[in-house]
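Colleague: build the 3D model from these lines:
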Amino acid sequence: MLAQNKEKSLFALIKFVLGNAHKNNEQIKNIIQSANEQDIDVLRYISFEYKISPIKLYSKAAKYCNLAFSEVVPRDIKINLDIIHVEELKSINGFKASLFDREILFVTPNIDDLFILSNEFKNNPKSYICIVPPNALQEALVANFSSDLIDEARQRLARRWRFASAHLDLTYPSRILFLIGFISLIALVTLTPLALTIYILPLLILLFLVPAWLRLAAVFEPPPKPFIKTLLGDDDLPIYSVLIPLRDEAQMVSQLARAMQNLDYPPYKLDIKFIVESASKKTVLAVREILDDPRFELIIVPKASPHTKPKALDFALPFVRGKHLVIYDAEDIPEPSQLRKSATRFAYDYAIDCIQAELVIENDKESWLTNLFCAEYSALFGIMLPALAKWKFPMPLGGTSNHFRTSSLLEVGGWDAFNVTEDADLGLRLSRLRYKVGILNSKTYEEAPATLFAWINQRTRWMKGWMQTFIVHNRHPIVFFKDAGWRNFLAFQIYVGSLIISPALHTIFLMVFIFRFVSAGKIDLQTEEAWLFIYLFFLVVGYLATTLHSIIGMIRLKKFKALFLIPTLPFYWALSGIASFIAAYELIVKPYFWSKTKHGLTNVKRRQK
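Modeller: Predicted coordinates for the structure are as follows:
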């Protein structure tokens, strides 16, 4: 009898919540069965399946049970809740809070709890119970425990792994020492007379010829075979978390929302979190406007240093519910099948911990800069990274569209909140701890900086981040060597070292060669000017390798019209050289400054599948 009454009450509640969407009892039975099969609460399942906003859903549920409802938890109330670790916050669905002289239970109940609360209120009408939607409950928890979350974001990596955090290991003396080495090396190569050139040739070979050889080897490496498996069906897919950090990007929110809604993944298995800094008020408001979609959540990061993307990601990490996790940037439009492909790869390849999707520039035809940026990305993500993954070398990840097993990401300490190229640093840490990184046969379409100022700012940040990563991991070289093994240790020194120093040296080489050639008129092999031919040789080899890389990458993407700009790559590299000098300066005076790239400025119409 009790079971029958409970079933009647359950059916009646669901009918009330569905309203005009209700058809018959068979429909309700199917809803309950599907929710149970997917191990999801019936109310949340209805919200996702019938696209009912959480506010509307829980307000109707509260009304049916004669309980109070509020769209928000009042600000600045004191939550009476003790936690041992911030990771507990994601499993909390209710808390008591003091408001004036009353203690109120704010709760986002599952359907069984709703009936329990309703009965409690009937038996004790003086009990104060208020139903709130999931976003409201989470926002209140974030606000109340923001200091704990900030501390964890800053210190998680240092607590879990010594000698790996830029906060502790990027000391002022180490930065000064790096700058001295950086300037000395450039000066040595630039000013060395013929008598000493022979002694620095081994160094030049390491800095130029070995990376050029790696690029050429990658060009001739057979492309990776697609991971051919039947894609997982909806029932077999795990919960997938999507983290989208935003700052002053209100204009991108609607495009992002459409891109996320187009993902071929069951809505009730998506955990999409927009992570917005509190100072970005327009962006916060723009995200609030799309929260009617139950897939979306808003996490507001309070103003606190460092003001970096990885700090924001680390702040949100305790709330991640997914077995897997991916990062998308403000301008990203991933292929709809990307998450399903990634989940399938994780399911069949138990050893893999991180998968990098391919980033493709969509506004390549907008300017000279965007064309060459596209060529650079086509070479890096289409040729170089697949080769590094195949060779099992350390792989600097892209800042977006990298997919993780959440457990593996937590094991390596998350992101370094103080590193401005958190992707490169994380890729190296994965390698040091012998985690497996692979390539995903799926594209994410991006927008390149279209103006010189925006491009220089972004490239300066990248250069500074590579410098940070190089310093931090080399602070304790013996530990690094033991962790990575000699092969990966050397690969990191050569590959990342060349990324840092070669743009500056190529720029100097080019300037010195042009100056000497113009001023001398001709070069005599028997004079001190002969050393210029050595410079010319390294210029030619370096540019040939990069040029071939870019040509093959652009052909692979069928962007044939941009090939005529490839010969101008030396000037593009000269700009990178300028950025490297600015980065070296910033490394000393503002090492954790994050130069934000503005998005949504392109005149090219973006795709929407």
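Colleague: give me the mean pLDDT for stretch 542-561.
Modeller: Here the mean pLDDT over stretch 542-561 is 86, rounded to a whole number.
Colleague: and that stretch, which residues are buried?
Modeller: 542-543, 545-554, 557, 559 (16 or more other Cβ atoms under 10 Å). Backbone N, C-alpha and C define where each C-beta goes, glycine included.
Colleague: buried stuff in the host helix or strand of P173?
Modeller: For P173, the host element (DSSP states H and E) is helix 172-191. Buried residues in helix 172-191, counted by 16+ other Cβ under 10 Å: 175, 178, 182, 185-186, 189.
Colleague: export the buried residues of stretch 542-561 to JSON lines and tack on secondary structure and distance to L490?
Modeller: Converted to JSON lines, those look like this (DSSP: H, G, I helix; E, B strand; the rest coil; distance: Cβ to Cβ, whole Å):
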{"residue": "G542", "secondary structure": "helix", "distance to L490": "19"}
{"residue": "Y543", "secondary structure": "helix", "distance to L490": "24"}
{"residue": "A545", "secondary structure": "helix", "distance to L490": "19"}
{"residue": "T546", "secondary structure": "helix", "distance to L490": "21"}
{"residue": "T547", "secondary structure": "helix", "distance to L490": "26"}
{"residue": "L548", "secondary structure": "helix", "distance to L490": "24"}
{"residue": "H549", "secondary structure": "helix", "distance to L490": "21"}
{"residue": "S550", "secondary structure": "helix", "distance to L490": "26"}
{"residue": "I551", "secondary structure": "helix", "distance to L490": "28"}
{"residue": "I552", "secondary structure": "helix", "distance to L490": "26"}
{"residue": "G553", "secondary structure": "helix", "distance to L490": "26"}
{"residue": "M554", "secondary structure": "helix", "distance to L490": "30"}
{"residue": "L557", "secondary structure": "coil", "distance to L490": "32"}
{"residue": "K559", "secondary structure": "coil", "distance to L490": "34"}
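Colleague: which of the residues you listed lies closest to P134?
Modeller: Taking Cβ to Cβ as the measure, P134 lies nearest L557 of the buried residues of stretch 542-561, at 40.7 Å.
Colleague: return the residues in contact with the closest one.
Modeller: 360, 374, 378, 382 (Cβ atoms under 8 Å, 6 or more residues apart in numbering).
Colleague: next step: those residues restricted to helices.
Modeller: 374, 378 (DSSP state H).
Colleague: among the contacts of L557, which pair sits farthest apart?
Modeller: Spatially, the most separated pair among the contacts of L557 is C374 and G382, at 10.8 Å (Cβ to Cβ).
Colleague: the nearest residue to Y128 once chain neighbours are set aside and E139: what is the separation?
Modeller: Distance criterion Cβ to Cβ, 6 or more residues apart in numbering; nearest residue to Y128, sequence neighbours excluded, is I104 at 4.3 Å. Distance of I104 to E139, given as Cβ to Cβ, to the nearest Å: 16 Å.
Colleague: now do W594
Modeller: 24 Å.
Colleague: what about V541, how many residues close to it?
Modeller: When neighbours are defined as other Cβ atoms under 10 Å, V541 has 16 of them.
Colleague: please renumber so the chain begins at 864
Modeller: With the count now opening at 864, the last piece we talked about shows up as V1404.
Colleague: show me what the residue nearest to Y991 is bridged to.
Modeller: I967 has these beta-bridge partners by DSSP bridges: A960.
Colleague: these two touch, right, K914 and D1156?
Modeller: Yes - the pair K914 / D1156 is scored as a contact, 7.5 Å apart, by Cβ atoms under 8 Å.
Colleague: the more surrounded of the two?
Modeller: D1156 (18 against 13).
Colleague: what's the helix or strand for that one?
Modeller: With DSSP H and E as criterion, D1156 is part of no helix or strand.
Colleague: give the contact list for it.
Modeller: 914, 916, 1120, 1124.
Colleague: just the buried ones from the residues you listed?
Modeller: Counted by 16+ other Cβ under 10 Å, these give 1120, 1124 as buried.
Colleague: any idea how far G1277 is from R1324?
Modeller: For R1324, the distance to G1277 - Cβ to Cβ - is 20 Å.
Colleague: do Y1435 as well
Modeller: 34 Å.
Colleague: go on, F1400?
Modeller: Applying Cβ to Cβ to F1400 and G1277 gives a distance of 44 Å.
Colleague: looking at those two, which is more packed in?
Modeller: G1277 (22 against 13).
Colleague: the more buried one: what's it in contact with?
Modeller: Neighbouring residues of G1277 by Cβ under 8 Å, 6+ apart: 1019-1020, 1173, 1176-1177, 1180.
Colleague: run the last query once more with 6 Å
Modeller: G1277 sits next to 1019, 1177, 1180 when contact means Cβ atoms under 6 Å, 6 or more residues apart in numbering.
Colleague: and these as TSV, adding secondary structure and distance to K985?
Modeller: Shown next, in TSV, are the contacts of G1277 (three-state DSSP; distance: Cβ to Cβ, whole Å):
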residue	secondary structure	distance to K985
R1019	helix	45
D1177	helix	44
L1180	helix	40
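Colleague: buried ones among those?
Modeller: 1019, 1177, 1180.
Colleague: am I right that F958 is in contact with K941?
Modeller: No - using Cβ atoms under 6 Å, F958 makes no contact with K941, being 10.4 Å away.
Colleague: would you map out the domains in the chain?
Modeller: The record assigns the chain these domain ranges, following automatic domain parsing: 865-1007, 1097-1249+1257-1310.
Colleague: looking at these, which is closest to F1026?
Modeller: Across the domains of the chain, closest to F1026 is domain 1097-1249+1257-1310 (Cβ to Cβ), at 10.5 Å.
Colleague: what is the end-to-end distance of the closest one?
Modeller: Domain 1097-1249+1257-1310 stretches 31 Å from its first residue to its last (Cα to Cα, to the nearest Å).
Colleague: then stretch 1216-1233?
Modeller: 32 Å.
Colleague: how distant is that stretch from the center of its chain?
Modeller: Its chain's C-alpha centre and that of stretch 1216-1233 lie 15 Å apart, by Cα atoms, centre = their mean, to the nearest Å.
Colleague: could I get the average pLDDT for it?
Modeller: The model assigns stretch 1216-1233 a mean pLDDT of 94.
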